[in-house]
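*Asks:* No sequence on hand, only this structure:
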């Protein structure tokens, strides 16, 4: 059927009129003008509505014009193009809004004082205080989690790529996949159930354990991909020289892929640094500085944001602190991301592709 | 010649090594044994952790459920401090499903459109940076989404809610009594924004693997770009998009902080998506944890177990679809 359509239309398609290249822009400009007209005329005060009207006008306008000049099939194609562009622009709105608000509201109280002082006895509704205790807590918890999660993850990936055959490897691969999807709060509940067994009070390291569980599958996945990129010739050359397998892995395979592995670990750190739920269950939060992750409640940046939001009953000072802490957290995560990508590019394995 | 000398040079020790090779190679080298033990041990450790999560959650949950005075599945209440405690997950299950369904309905079409945009529509100069920005969007911590949702998105929902209520209020689903828009629909929209990046990323990878030949064949038949996508790209990528959506669904089901900050919860099932109320598994755990006693915590663990099982099923299904696809596509070398 469709082939018949195409053959019938072919001669006409080749010669048929087509819209000039600037036509989408013209239609877009036209629909924006009309939308502004309608919006101002009808007294719609929400700019979002103006935007929606403009988007609708653009899509229908495109279809009408293209159907008139170019025919139905081309018109459909143009409408889909318009829709795809609209979807893309639509998705940019929340991102831009999120970054913009965080930066705008965050810089208000973000200064050296904020970074170097704890909340102490500052009550949630008063201005002042800072996030020093939260930074300390976050660094310790995430650091300990990395110290556990990263080696286990890398070793598991080594097992899967270098040794893994048979049932055990298959089971591990499957459960690593499944583990990637564990909600962070479930990891928190697991550690909580252990703590209930031994009747323990909240402390930083418990949070680290939950974070390590969340980190492991991510590290396994990324490390696995990187180890698979190492050319077999390198392994064979090393083994042929009589180097034991474990030294081949340590001295040839891992150094070749170290860039990618580091990137994977850093991305995993960026992911767990923003986790709130397990910290809420296991570390509790604390407005004083607690440098010891193995005893007593601690604070962490994500939890600090939540508590400033939730416990302050709408005080502006607390919201300002929450935004400033969000900005700090986003900056930390973004820097980790950027550095990780930089390392990936700089140390990309030379596979000779 | 060089090579041959090397081989002969190396050969004297080789026979000995070869002799031990098959039987005793791993045993002869303690380093190998230790290293294999370590790496296999880590793999086993992961399995043990998964098993331990299931076992411990089930154990604590069974403690809680045995004390539950109500019906764990159907009670519309969460009073763990009563004696005897009375609680049930009906409202939570309903809220979790509703908010995730809204999120999926909004996020999947947009994510697929963005993935198509990145692979087939965007100018080359734009698609690189955009893909990067989408990655960054995925890296923003959920608590920041939560803060943004509660302080920025919620006030902006008033207009939309008023409009929906005005035109679609008669359906009951979109009726609104004018309260703060901290409702399931707002939660669904926020979750949609949060799961957009992961669905986009996975779909993009799938669309990239569409064999060039299929697209060129369609183009050669005179297809427009949309027809190429409909005839070649979407059929090829369908299972990939489905599994991407299920990965997103897994995220939405387990999202805690963003829901906890935005939703104003209660323990009832509401027909309207616009009026505040309801709750989700993860949100309920975060909100009720502070006031929970020992029994209360066990009850929360029991609801967490249900969440764990649901996400396992969803993620397992997503992975199974991806794995099956890998076998027949041939595009994954």
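*Replies:* Structure received. Here the structure is a predicted model, which means the values were calculated and not measured.
*Asks:* Which parts of the stretch 151-300 of chain B are helices?
*Replies:* With DSSP state H, counting those that start in this stretch as the criterion, the stretch 151-300 of chain B has helices at B:154-168, B:184-208, B:212-220, B:225-228, B:234-254, B:257-262, B:281-289, B:294-329.
*Asks:* Quick one: work out the angle between the fifth one and helix B:184-208.
*Replies:* Orientation of helix B:234-254 against helix B:184-208 (axes from the mean of the first three to the mean of the last three Cα atoms, to 10 degrees) gives an angle of 140 degrees.
*Asks:* Over to the third one?
*Replies:* Taking the same axes, to 10 degrees, one finds that helix B:212-220 is oriented at 100 degrees with respect to helix B:184-208.
*Asks:* now swap in the longest one and tell me
*Replies:* Helix B:294-329 and helix B:184-208 meet at an angle of 30 degrees, taking the same axes, to 10 degrees as the criterion.
*Asks:* tilt between helix B:294-329 and helix B:281-289?
*Replies:* Going by the same axes, to 10 degrees, helix B:294-329 makes 160 degrees with helix B:281-289.
*Asks:* Write out the residues of the stretch 151-300 of chain B neighbouring chain A.
*Replies:* Contact residues (Cβ under 8 Å from any Cβ of the partner chain) of the stretch 151-300 of chain B with chain A: B:151-153, B:156, B:159-160, B:193, B:196, B:221-227, B:229, B:247, B:250-251, B:253-257, B:260-261, B:282, B:285-286, B:289, B:294, B:297-298, B:300. Placement of C-beta: from N, CA and C, glycine included.
*Asks:* Tabulate the helices of the stretch 151-300 of chain B (TSV), appending mean neighbour count.
*Replies:* Shown next, in TSV, are the helices of the stretch 151-300 of chain B (neighbours: other Cβ atoms under 10 Å in any protein chain shown):
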stretch	mean neighbour count
helix B:154-168	16
helix B:184-208	24
helix B:212-220	13
helix B:225-228	20
helix B:234-254	22
helix B:257-262	30
helix B:281-289	25
helix B:294-329	20
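*Asks:* weakest of those helices by average pLDDT?
*Replies:* The minimum mean pLDDT among the helices of the stretch 151-300 of chain B belongs to helix B:294-329 (a mean of 84).
*Asks:* what residues are up against residue A:207?
*Replies:* Going by Cβ atoms under 8 Å, 6 or more residues apart in numbering or on different chains, residue A:207 touches A:141, A:145, A:191, A:278-279, A:282-283, A:298, A:300.
*Asks:* Quick check: closest non-adjacent residue to the residue of the stretch 201-333 of chain B found nearest chain A.
*Replies:* Nearest residue of the stretch 201-333 of chain B to chain A: residue B:254, at 2.4 Å (Cβ to the nearest Cβ). Nearest residue to residue B:254, sequence neighbours excluded (Cβ to Cβ, 6 or more residues apart in numbering or on different chains): residue A:183, at 2.4 Å.
*Asks:* if I pick the one you found, what's in contact with it?
*Replies:* Shown in contact with residue A:183 (Cβ under 8 Å, 6+ apart): A:277, B:253-256, B:282, B:307-308, B:311.
*Asks:* run the last query once more with 7 Å
*Replies:* Applying Cβ atoms under 7 Å, 6 or more residues apart in numbering or on different chains to residue A:183 gives the contacts B:254, B:282, B:307, B:311.
*Asks:* And residue A:128, which helix or strand is it part of?
*Replies:* In the assignment (DSSP states H and E), residue A:128 maps to no helix and no strand.
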